[in-house]
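**Student:** mind folding the following:
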Amino acid sequence: MTPFIAEFLGTALLILLGNGVVANVVLNKTKGNGGGWIVITTGWALAVFTGVVVAGPVSGAHLNPAVTIGLAIAGKFAWAQAPSFIAAQMLGAMAGTSLVWLNYKDHYDNTPDTGLQRATFCTEPAIRNTALNLICEITGTFVLIFAVFYFAGGELGDNKEPIGMGSLGAIPVAFVVWVIGLSLGGTTGYAINPARDLGPRIMHQLLPIKGKGGSDWGYAWVPVLGPVIGASLAAALYLALQP
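**Tutor:** Predicted structure coming up:
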């Protein structure tokens, strides 16, 4: 296990379970069809928990280019390592979403609605207003990254073994992602992660999905740029508040 492999596997698990719950809720003839927003947001939160548990002890479990960029701006992560982390996150997202498609292939074949098909890969706004959509992605990501800066490392036992972001330490970030989805996710689907949206969108373009429509590339820049801006603002405020 290396940091690159940890980021790849952690992000792959995140997207497999995150986009997997969307597929279970929106695709036809699944056992979870019609489960609703609470199921989706809960599934995404637990997907984050799973990815962080696996990757945390090795890479710190960024699983998100916005996290990597935010930490680097704040001086908590080396810029030299950022490209390899982001590459691992992108590849992991592409692998994870491909597994969702493979597991649910029969259900894709039975879902003629191209919008529902695409929704299991990437985000799109409930109401298309580019300026406000961008603000929503900035806001959601700001909350995530700003909260991450204030996570306190836990300790176990008399030897003060650090929990870090693995196991129990994964719970805080899962709860933050959960509340972002419940509170702010209804506008754009809360990508809050460039790799989470762009990697699966690329695979939607490439995979042989029966009757698929376009990949909505005109919107694709919003869930990439918005999270980067949100992470940068969170890092800037965090630095400004330091004594």
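**Student:** any idea of the pLDDT on Glu155?
**Tutor:** On pLDDT, Glu155 comes in at 46.
**Student:** do the one 5 residues further on as well
**Tutor:** In the prediction, the pLDDT value recorded for Lys160 is 49.
**Student:** give the contact list for the residue lying closest to Phe149 once chain neighbours are set aside.
**Tutor:** Leaving aside its chain neighbours, Phe149 sits nearest to Tyr238 (4.6 Å; criterion: Cβ to Cβ, 6 or more residues apart in numbering). In this view, the C-beta of every residue, glycine as well, is placed from N, C-alpha and C. Contact analysis of Tyr238 by Cβ atoms under 8 Å, 6 or more residues apart in numbering lists 74, 146, 149.
**Student:** now do the strands in the protein.
**Tutor:** In the chain, the strands defined using DSSP state E lie at 155-156, 161-162.
**Student:** tell me which of the contacts of Tyr238 fall in helices.
**Tutor:** Judged by DSSP state H, the contacts of Tyr238 include 146, 149 as members of helices.
**Student:** derive a ChimeraX selection command for the buried subset of the contacts of Tyr238.
**Tutor:** If you want just the buried ones from the contacts of Tyr238 in ChimeraX, going by 16 or more other Cβ atoms under 10 Å, the selection is:
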select :74,146,149
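**Student:** tell me how far stretch 115-127 lies from the chain's centre.
**Tutor:** 14 Å (Cα atoms, centre = their mean, to the nearest Å).
**Student:** and for Asn110, the neighbour number?
**Tutor:** 13 (other Cβ atoms under 10 Å).
**Student:** and the pLDDT for it?
**Tutor:** For Asn110, the predicted pLDDT is 97.
**Student:** picking up where we left off before, the residue nearest to Phe149 and Phe175, how far apart?
**Tutor:** Note on Tyr238: its distance to Phe175, by Cβ to Cβ, to the nearest Å, is 19 Å.
**Student:** of the contacts of Tyr238, which is the nearest to Gln242?
**Tutor:** Nearest to Gln242 among the contacts of Tyr238 is Ala74, at 9.1 Å by Cβ to Cβ.
**Student:** list the buried residues in stretch 108-123.
**Tutor:** 108, 111, 116-123.
**Student:** go through those and name the one nearest Met203.
**Tutor:** Among those, Phe121 lies closest to Met203 (Cβ to Cβ), at 6.5 Å.
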